[in-house]
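Novice: Could you work out the structure for the sequence below:
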Amino acid sequence: MDIVIRRAVPGEYETLGEITAQAYLGDGLLDFGAADSYLGELRDVAGRAAASDVLVAVADGVVLGGVTFVPAGGPMADIAGAGEAEIRMLAVAREARGRGAGEALVRACVERARAVEGCVRVVLSTQRAMRSAHRIYERAGFVRTPERDWNPLPELDDITLLTYELTL
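Specialist: Residues are numbered from 1 along each chain as shown. Model prediction:
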């Protein structure tokens with residue numbers, strides 16, 4: 001099966017939004033106070049696409065998953081600083097996992113970052129429970145950066161996001 005990575009088109013936004021939401025819900029990653037508002041953000045592919053690059057993995061005309069690539073300084077950045085691009089909201093449909101879509105999406109983001117003038121690093125945040133994603137990042141050459149770990153909801157102590165980076 002050939003997986004194609006390309007920019008999402010508007011007709012795929014709803015599908016990708018649901019894949020992303022279900023990936024987070026199904027993996028138990030939204031067990032915190034602001035889960036409802038973040039669920040809305042996960043489903044808002046049109047909003048992400050207006051502010052960044054939303055990529056999809058497609059095989060045989062079926063969307064398998066997607067990722068948001070934020071070039072340096074983009075409004076969707078959580079942790080990226082000068083000279084950095086950021087990967088956000090990587091998700092693959094449960095039934096498509098293990099087929100290489102997640103790795104292909106990460107590789108595509110790294111290639112896009114290399115094409116951004118002045119970009120020297122790709123960064124990302126992830127939850128502790130996202131162990132399969134951690135393995136994908138590590139296979140792609142990303143390394144943990146515990147000094148950058150952060151909490152998007154300071155009022156909740158147990159929501160520390162782990163960070164990774166890849167120097168280009």
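Novice: Strands along the chain, start to end?
Specialist: 4-7, 53-59, 62-70, 84-92, 121-126, 143-144, 162-167 (DSSP state E).
Novice: between those, which gets nearest to Y13?
Specialist: strand 53-59 (7.9 Å; CB to CB). The C-beta positions use only the backbone N, C-alpha and C, and glycine is treated the same way.
Novice: mind saving the C-alpha coords of that closest one as PDB?
Specialist: Extracted C-alpha coordinates of strand 53-59, given in PDB (Å, rounded to 0.1, in the frame of the first residue of the first chain):
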ATOM      1  CA  ASP A  53       0.200  23.500   7.000                       C
ATOM      2  CA  VAL A  54      -2.100  20.600   7.700                       C
ATOM      3  CA  LEU A  55      -0.800  17.400   6.000                       C
ATOM      4  CA  VAL A  56      -2.700  14.200   5.500                       C
ATOM      5  CA  ALA A  57      -1.600  10.600   4.900                       C
ATOM      6  CA  VAL A  58      -3.700   9.100   2.200                       C
ATOM      7  CA  ALA A  59      -3.800   5.500   0.800                       C
END
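Novice: Tabulate the strands of the chain in CSV, adding columns for mean pLDDT.
Specialist: Shown next, in CSV, are those (pLDDT from 0 to 100):
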stretch, mean pLDDT
strand 4-7, 98
strand 53-59, 98
strand 62-70, 98
strand 84-92, 96
strand 121-126, 96
strand 143-144, 98
strand 162-167, 97
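Novice: So for A115, which of these sits nearest?
Specialist: strand 84-92 (9.8 Å).
Novice: Alright, that wraps it up for me.
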